[in-house]
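Asks: A structural model of the following input is requested.
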Amino acid sequence: MATKDTPEISDVVTTDQTGATVAPPSPAQLFPGAAPQANPAAPAAGNDAFQPTPGNDPDIPNESNLQRMGVGVDGETTVWEGRYSLKNFVGRFVGAVLLTIAWATLAVSAWGYERESLQIPAGLTGAILALIWLALLRRVILARYGHFYRLTNRRLFVSTGVFRRRRDQMELLRVQDVFTRQSIWERMLSLGTVVVVSQEDQLPVTYLAGVDDPKGVMDLVWHHARAERDRRSVKVDQI
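Replies: Sure, this is the predicted structure:
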């Protein structure tokens, strides 16, 4: 005996009183208590589309974050930074202050006690003293902001100039010798010049002038130069 197949919901087509076709009811309308079926085309909760990208997540370090932390390409990191120390101008400032005190005494005698014979010399010495202070301030600005040194575990950078800056670099792998130069006054203030001799063709000698603790800087440059040579030697042996 043949049995009649039960029609699917999608196969049922009904018409209203006007004869228009009415769409079949949806499963949610027929079974209100049933859970809705998940869309297989929608991505799952653990899909990669919902994972944060390194450029958007601040916790994932990208290239800009690494550079901000002092890390450059190939693991280059900043070890030391320095400028021309202001302690180099202690003697000049002391001399300028003494000249200013002497001029103030002369000015009080000239104008305070109304001594006309001293007014012209006081005016001339005052103008000269003003020029001395301007020259000293100019020298401080040019020295302080015109010399900048940076040492990484790969290279040594020396920047000179204020308005027209020049930046030189030296690979630590090519460093041959490092020594310091100090006068008696510089030894008292722990100042000096670090001289770095290398195998470079253009600039074989680099000067780090007027730095604080020159012996510590010298040891730091030599230590990282040796470490860079040892690292390259290990790589060559492995090849």
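Asks: List the contacts of Met218.
Replies: Met218 is in contact with Val178, Phe179, Thr180, Val194, counting by C-beta atoms under 8 Å, 6 or more residues apart in numbering. Where C-beta positions appear, they are placed from N, C-alpha and C, glycine not excepted.
Asks: which one of these is nearest Gly95?
Replies: Distance to Gly95 across those (C-beta to C-beta) is lowest for Thr180, with 25.9 Å.
Asks: quick one: buried residues of stretch 115-134?
Replies: For stretch 115-134, the neighbour count (16 or more other C-beta atoms under 10 Å) marks Leu118, Ala122, Thr125, Gly126, Leu129 as buried.
Asks: Show residues contacting that stretch.
Replies: Applying C-beta under 8 Å, 6+ apart, the contact partners of stretch 115-134 are Ala96, Leu99, Thr100, Trp103, Leu106, Ala107, Ser109, Ala110, Trp111.
Asks: In the sheet, which residues pair with Ser159? Tell me.
Replies: Taking DSSP bridges as the rule, Ser159 bridges to Phe148, Arg167.
Asks: Need the pLDDT of it.
Replies: pLDDT recorded at Ser159 is 95.
Asks: Name all residues that make contact with it.
Replies: Listed by C-beta under 8 Å, 6+ apart, the contact partners of Ser159 are His147, Phe148, Tyr149, Arg150, Arg165, Arg166, Arg167, Asp168.
Asks: Distance of it relative to Trp111?
Replies: As judged by C-beta to C-beta, to the nearest Å, Ser159 and Trp111 stand 47 Å apart.
Asks: number of nearby residues for Glu76?
Replies: Using other C-beta atoms under 10 Å, Glu76 is surrounded by 13 other residues.
Asks: Next, it: phi, psi?
Replies: Per-residue torsions, Glu76: phi -80, psi 130 (degrees, to the nearest 10).
Asks: Verify the contact between it and Thr152 for me.
Replies: Yes - assessed by C-beta atoms under 8 Å, Glu76 is found in contact with Thr152 at 5.1 Å.
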